[in-house]
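**Student:** mind looking at a prediction? Sequence and model below.
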Amino acid sequence: MEERLRLHIYTVCGILGREERLRLYIDRVCGSLGMEERLRPYIDIVCKYEDPKAQEAARKTVPVDELEEKALLSLAKEYKLKYGQVGNFEPSKSETDHAFLIQLLYWFKRSFSWVNTNAPPCEGCGGETEYKGHGTPLRAELPYDCSGVEIYRCKRCSMETRFPRYNDPVKLLETRRGRCGEWANCFTFYCRAFGYEARQVVDFTGHVWTECFSVLLGRWMHLDPCERVYDEPLLYEERWNKKLNYAFGIAKDGIYDVTKHYTKEWDEVLKRRNLITETSLSAVLAKLTEECGRITSQVLSAPEDCEKGEAIERDFHAADDASESLPGRQSGDK
Ligand SMILES: [Zn+2]
C-alpha cells in the first residue's frame, strides 16, 4: 500500500515538474515511517524484561547454583593457566559476573530448542510434517503477543502441529522453542533478569542476537545464543558472508544503531544503507528512544538511570583476534 502511494505521488510530482525535490521529500517521509514501523514493536517486547515479577519467574527456571559453580571452575582454570596454581585465587565481582554470563549462555543453548525452518516434527507422533500455511492465533495464543502461527501437517498421522510465533518473553520461558527471534528475545530477558545491562540486537539481513555490557571488559559484548558464541562480532560478516546494512540494539533505555560493532567494512555497509537517510535515521532513533523511556517508566515506577557504556563502544573489536576460529552458521533465519 505504502509503495503504491509512493509511486502515485512520484507520478503527480512528475506532472508538476518538481520531481527530484519532491521525490527526496517523499523518500524521507516514507523511509522514516517504514523504519519506525519496523522497530517500534521491539520496544514493547524489551520493556517487558523490566517487570520484577517476570524477572523472578525467569530466574526460577535457571539452575543458578550449578551455573555459579561452573563459572567459578572456569575462572579457576584460567587462573591456573595464567599463574600456574590456584593458591590465592579470589575472583573479583566483575570476573564472576562475566563468567556467570557465559555459563548462562551455554545453559540457554542446552535448554532452548530450535524449530526447524522447514518443518518441525509432528507433536503427536514425531513424524515428518509439511508446511500448510499461516493461521490466525487461537484465543489461547492471543494474550502472548503472538504475531502469527505457522501450521504443519503430519505426513504420517495427518495431525496438525502449530508453531505460534510468541513475542512475549515470559511465555517463551514456558514454550522454550523457536528460531533466532525467540531465542534472542528470551536470552536477552534472562540477561536482564540477572541484572546485566542487555539489548536485543536486530539485524535487518535476517538474524537476531544479544549484547550485554561486561563490566569486566568495560564495553558491550556480543552474545549469540543460537550459535553459543560470545564476543565474536565479526562472525556474521567474515564467516557467514553477510552483507550487513542495519543492526539495532534495543533496550529499555533506547534504540541504538550498533551496526559498526559488526563490521570492519563500514564504507561498504554505508553504501547498502539506503532505506532511509542517515539524518532521518538519527531522528527516528531519537524519537523511539524517547518512547522507550515512557514505556519503561510504565513498567517500572522508578526507572533506573542507565547511560553507561555508550562512550566505550569504540573498543568493541578489542578482542577480535579470535576471528581465526569463527564457526560456520548453526542456525537458520529468524
Ligand atoms: Zn504425526
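**Tutor:** Arrived safely, thanks for sending. Numbering: from 1, shown residues only.

**Student:** tell me which residues of the one helix or strand residue 72 maps to are tucked away?
**Tutor:** According to DSSP states H and E, residue 72 maps onto helix 64-83. For helix 64-83, the buried set under the neighbour-count rule, 16 or more other CB atoms under 10 Å, comprises 67, 70-72, 75, 79. In short, each C-beta sits where N, CA and C put it, glycine included.

**Student:** only C-alpha atoms, please: export that helix in CSV.
**Tutor:** Taking C-alpha atoms only, helix 64-83 is exported to CSV below (Å, rounded to 0.1, in the frame of the first residue of the first chain):
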residue,chain,number,x,y,z
VAL,A,64,21.7,-20.9,39.5
ASP,A,65,24.0,-22.9,41.9
GLU,A,66,25.1,-25.1,39.1
LEU,A,67,26.0,-22.2,36.8
GLU,A,68,27.8,-20.4,39.6
GLU,A,69,29.9,-23.4,40.3
LYS,A,70,30.7,-23.8,36.6
ALA,A,71,31.6,-20.1,36.4
LEU,A,72,34.0,-20.4,39.4
LEU,A,73,35.6,-23.6,37.9
SER,A,74,36.2,-21.8,34.6
LEU,A,75,37.8,-18.9,36.3
ALA,A,76,40.0,-21.2,38.4
LYS,A,77,41.1,-22.9,35.2
GLU,A,78,42.0,-19.6,33.6
TYR,A,79,43.8,-18.5,36.8
LYS,A,80,45.8,-21.7,36.8
LEU,A,81,46.8,-21.3,33.2
LYS,A,82,47.9,-17.8,33.9
TYR,A,83,49.7,-18.3,37.2
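
**Student:** what's the first helix or strand after that helix?
**Tutor:** Next in line after helix 64-83, if elements are assigned by DSSP H and E, sits helix 93-111.

**Student:** okay, the buried residues of helix 64-83 in TSV with pLDDT and distance to residue 267 next?
**Tutor:** Below are those laid out as TSV (pLDDT from 0 to 100; distance: CB to CB, whole Å):
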residue	pLDDT	distance to residue 267
67	98	42
70	97	42
71	97	40
72	95	44
75	95	40
79	89	42
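
**Student:** so which of those residues is the closest to residue 203?
**Tutor:** Closest to residue 203 out of the buried residues of helix 64-83 is residue 67 (27.7 Å), distances taken as CB to CB.

**Student:** surely that closest one touches residue 107?
**Tutor:** Yes - with contacts defined as CB atoms under 8 Å, residue 67 counts as touching residue 107 at a distance of 5.8 Å.

**Student:** circling back: next, format the buried residues of helix 64-83 as TSV and append distance to the ion.
**Tutor:** Supplementary listing: the buried residues of helix 64-83 in TSV, determined by distance: CB to the ion, whole Å:
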residue	distance to the ion
67	36
70	38
71	41
72	45
75	47
79	52
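
**Student:** tell me the one of these nearest residue 300?
**Tutor:** residue 67 (26.0 Å).

**Student:** quick one: residues contacting the closest one.
**Tutor:** With CB atoms under 8 Å, 6 or more residues apart in numbering as the criterion, the residues that contact residue 67 are 100, 103-104, 107.

**Student:** do you know how far residue 53 is from residue 300?
**Tutor:** Using CB to CB, to the nearest Å, one obtains 11 Å as the distance from residue 53 to residue 300.

**Student:** residue 198 now?
**Tutor:** 15 Å.

**Student:** which one of these two has more residues nearby?
**Tutor:** A side-by-side neighbour count of residue 198 and residue 300, using other CB atoms under 10 Å, places residue 198 first with 26 against 14.

**Student:** what's around the residue nearest to that one when sequence neighbours are not counted, how many residues?
**Tutor:** If you skip the residues right next to it in sequence, residue 198 has residue 191 as its closest partner in space, 3.7 Å away by CB to CB, 6 or more residues apart in numbering. Burial of residue 191 is recorded as 25 neighbouring residues (other CB under 10 Å).
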